[in-house]
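S.K.: Sequence first, predicted model second:
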Amino acid sequence: MDPRIADLRKSYERAELDEQAAHADPLRQFETWLQQAIDGQVPEPNAMTLATVGADGRPSTRVVLVKGVDARGIAWYTNFNSRKGQELAGNPFAALQFHWVELERVVRIEGRVERVADAEADAYYASRPLDSRIGAWASPQSQVIGGRTVLVAQAARYAAQFALHPPRPPHWGGFRLVPDRWEFWQGRKSRLHDRLRYRLDAGESGAVWVRERLAP
């Protein structure tokens, strides 16, 4: 290993995150930060790391793009037969992480995962570019293939079969993570970072979000 890697340093000094300025509702806090990432032209502000756990207990991660954020949760779309799809079918809990490097911010989200309704998945699929809709048919995601020519041939096959109107594949759709825990991380000087965690607490009058500061 290049010994210079150990010498890499950065001082985080762009912003701060305190309890008085943060929203009491973690969804509103997330929407504020996401909009600031979009307005700041952060590359792919909707890119997030998705972590799942398989039946063998081994965790795996990959980067996916969030395609929906509302009071129901965080939604994305994928092939249900992919590794992540199969792992979520067996263990419907996951963790998400957004890392906006330019803003020195990280958001971590945990919760259970459910499938997006078919009608909602149909509407999103129909909004995608034609090549992407054909690609959902052409790619046996996460499976071993003999080479890129397999994908090209499959894409040509389905393009000829469906022309301009491919239907949504039965193996393709959306997942939605329903959060029960959020954490907002803002880099600060001297590694004394700001970390605010929101956890869902089942109180007598209903579930409420409890906000706590964590040591960095």
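M.R.: Thanks, I have it.

S.K.: going forward, measure contacts between C-alpha atoms and count neighbours the same way
M.R.: Fine.

S.K.: Look up which helix or strand I134 falls in, please.
M.R.: helix 130-138 (DSSP states H and E).

S.K.: ok, now how distant is the residue nearest the centre of the chain from L96?
M.R.: Residue closest to the mean C-alpha point of the chain, counted by Cα atoms, centre = their mean, is M48 at 3.9 Å. According to Cα to Cα, to the nearest Å, M48 and L96 sit 6 Å apart.

S.K.: repeat for V107
M.R.: Relative to L96, and taking Cα to Cα, V107 is found at 8 Å.

S.K.: From the contact counts, what lies against the top strand by length along the chain?
M.R.: Ranked by residue count and defined by DSSP state E, the top strand of the chain is strand 172-186. Here strand 172-186 touches strand 73-79, strand 105-115, helix 118-127, strand 194-203, going by 3 or more Cα pairs under 8 Å, 6 or more residues apart in numbering; DSSP states H and E.

S.K.: And the pLDDT for the closest residue to A71 other than its chain neighbours?
M.R.: Ranked by Cα to Cα, 6 or more residues apart in numbering and with sequence neighbours excluded, the top spatial neighbour of A71 is L27, at 7.3 Å. Looking at L27, its pLDDT is 98.

S.K.: got it, and G203?
M.R.: For G203, the predicted pLDDT is 75.

S.K.: With the one 4 residues further on instead?
M.R.: According to the predicted model, the pLDDT of A207 comes to 89.

S.K.: Now for it, how many residues are close by?
M.R.: Residues lying near A207 (other Cα atoms under 10 Å) number 12.

S.K.: for the one 4 residues further on, same thing?
M.R.: Residues lying near R211 (other Cα under 10 Å) number 20.

S.K.: List the residues that contact it.
M.R.: A24, L196, R197, Y198, R199 (Cα atoms under 8 Å, 6 or more residues apart in numbering).

S.K.: Could you point out which of the residues you listed is nearest to Q41?
M.R.: L196 (24.5 Å; Cα to Cα).

S.K.: distance of that closest one from V69?
M.R.: 20 Å.

S.K.: With neighbour numbers in mind, choose between those two.
M.R.: Applying other Cα under 10 Å to L196 and V69 shows that L196 carries more neighbours, namely 22 against 15.

S.K.: where does the more buried one land on pLDDT?
M.R.: Looking at L196, the pLDDT reads 98.

S.K.: give me the element the closest residue to H23 other than its chain neighbours is part of.
M.R.: Spatial nearest neighbour of H23, excluding adjacent residues (Cα to Cα, 6+ apart): Q29 at 5.3 Å. Per DSSP H and E, Q29 falls inside helix 26-39.

S.K.: That helix: which residues count as buried?
M.R.: Under the neighbour-count criterion of 16 or more other Cα atoms under 10 Å, helix 26-39 has P26, L27, F30, W33, L34, A37 buried.

S.K.: Which residues does it contact?
M.R.: For helix 26-39, contacts defined as Cα under 8 Å, 6+ apart pick out A22, H23, P45, N46, D70, A71, W100, L103, V107, W182, Y198, W209.

S.K.: which of those residues count as buried?
M.R.: Here, 16+ other Cα under 10 Å leaves A22, P45, N46, W100, L103, V107, W182, Y198, W209 buried among the contacts of helix 26-39.
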